[in-house]
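# here is my input, please return the structure:
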Amino acid sequence: MKNLLVSALILFNTILLQAGNGQYEAAMQKNLQHLQQANDKNALLEVANTFERIAGNEPKEWLPSYYAALAYINMSFKEDGLKAKDASLEKAAQWIGKAAQVAPHESEIVALQGYQSMMSLSADPATRGQSMTPKTMQLLGQAMQMNPENPRAYYLMAQMEFGTAQFFGNSTDKACALAQKSVVLFEKTGEEKSLSPAWGRNGARELAANCTSK
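Numbering: from 1, shown residues only. Now for the predicted structure:
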């Protein structure tokens, strides 16, 4: 009888866990769709706030914090003025930090940290370029080392190398090689639906196409 009770409790807890995971995945998938469709500040802020709430309910998951940060980075594109851009990027940095606390060795988080740094640099390149370029490239290089199959790390590094080369009037060959590599890695990952990061594919293709058209 005791064994039957133990088995019943295990089964009940398993069902509850599966139900909880199902709700989490459904909420994440729905908000990921909203993130892909958001095209103004208000929509992106709503998406970010939803991911923040999910992160609060799922403290052991790093993806809600990651996507909250990505929403704030995207929001910085929509902001007018340096102060507003920096405010969005600072919020992104806070949520990247929260994601890193959960998964400190995750390449995607380090790549996103590099992306946030790159956007902060681009908000005021004349003032920040010299100090922030090495930091940004270091982060993206670290993400590439942590996971040599991470297409976003190569894509973001290609963007940095391309912009730097154009600024100094140097060859973009290195940037273009990185862009082509990122496209190959994106093709390897496919386009299957999952909660894992999948953004950047179109940007990588555009950058690679821009290279081949020159």
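# just checking, what packs against the strand or helix carrying A71?
Applying DSSP states H and E as the criterion places A71 in helix 63-78. The contact analysis (3 or more Cβ pairs under 8 Å, 6 or more residues apart in numbering; DSSP states H and E) places helix 63-78 against helix 2-37, helix 41-57, helix 82-102, helix 107-123. (Each C-beta comes from the backbone N, C-alpha and C, glycine too.)
# and that helix with helix 107-123, angle?
Interaxial angle of helix 63-78 relative to helix 107-123 (axes from the mean of the first three to the mean of the last three Cα atoms, to 10 degrees): 20 degrees.
# could you shift the numbering so residue one becomes 33, and keep it that way?
All right, first residue 33 from here; so that's helix 95-110.
# quick one: helix 95-110 to chain centroid distance?
Centroid displacement of helix 95-110 relative to its chain, using Cα atoms, centre = their mean, to the nearest Å, is 8 Å.
# in it, which residues are buried?
Residues of helix 95-110 classed as buried: 95-108, 110 (neighbour count, 16 or more other Cβ atoms under 10 Å).
# make sure W231 is actually in contact with I105.
No: counting by Cβ atoms under 8 Å, W231 does not reach I105; the two are 10.4 Å apart.
# so who does the residue nearest the centre of the chain touch?
For the chain, the residue whose C-alpha lies nearest the mean C-alpha position (Cα atoms, centre = their mean) is L144; its distance is 4.5 Å. By Cβ atoms under 8 Å, 6 or more residues apart in numbering, the contact list for L144 reads 98, 101-102, 105, 128, 131, 184.
# so where's this protein shaky on pLDDT?
Across the chain, the ranges flagged by pLDDT under 70 are 33-52, 222-225, 245-246.
# domain map for it?
33-136, 138-246 (automatic domain parsing).
# just the ones you listed: most buried one?
domain 138-246 (a mean of 18; mean count of other Cβ atoms under 10 Å).
# run the chain-centre distance for that one.
Using Cα atoms, centre = their mean, the offset of domain 138-246 from its chain centre is 12 Å.
# before we move on, the earlier item: need the helices and strands packed on helix 95-110 in JSON lines (columns: distance to A236).
What follows is the helices and strands packed on helix 95-110, written out as JSON lines (distance: least, Cβ to Cβ, whole Å):
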{"stretch": "helix 34-69", "distance to A236": "16"}
{"stretch": "helix 73-89", "distance to A236": "22"}
{"stretch": "helix 114-134", "distance to A236": "21"}
{"stretch": "helix 139-155", "distance to A236": "13"}
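# out of those helices, which is closest to G195?
helix 139-155 (7.8 Å; Cβ to Cβ).
# can I get the very next helix or strand once past the closest one as CSV, trimmed to CA atoms?
Next along the chain after helix 139-155, taking DSSP H and E as the criterion, comes helix 157-178. The C-alpha coordinates for helix 157-178 follow below in CSV (Å, rounded to 0.1, in the frame of the first residue of the first chain):
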residue,chain,number,x,y,z
PRO,A,157,30.4,56.1,-32.2
ALA,A,158,32.5,59.3,-32.2
THR,A,159,32.8,59.2,-28.4
ARG,A,160,32.5,55.5,-27.7
GLY,A,161,34.2,53.8,-30.7
GLN,A,162,37.8,53.7,-29.4
SER,A,163,36.9,52.4,-26.0
MET,A,164,34.0,50.1,-26.8
THR,A,165,35.2,48.4,-30.0
PRO,A,166,37.8,46.2,-28.3
LYS,A,167,35.3,45.2,-25.6
THR,A,168,32.6,44.4,-28.1
MET,A,169,34.9,42.3,-30.2
GLN,A,170,36.2,40.5,-27.1
LEU,A,171,32.6,39.5,-26.1
LEU,A,172,31.7,38.3,-29.6
GLY,A,173,35.0,36.4,-29.9
GLN,A,174,34.3,34.8,-26.5
ALA,A,175,30.9,33.7,-27.7
MET,A,176,32.4,32.2,-30.8
GLN,A,177,34.9,30.2,-28.7
MET,A,178,32.3,29.0,-26.3
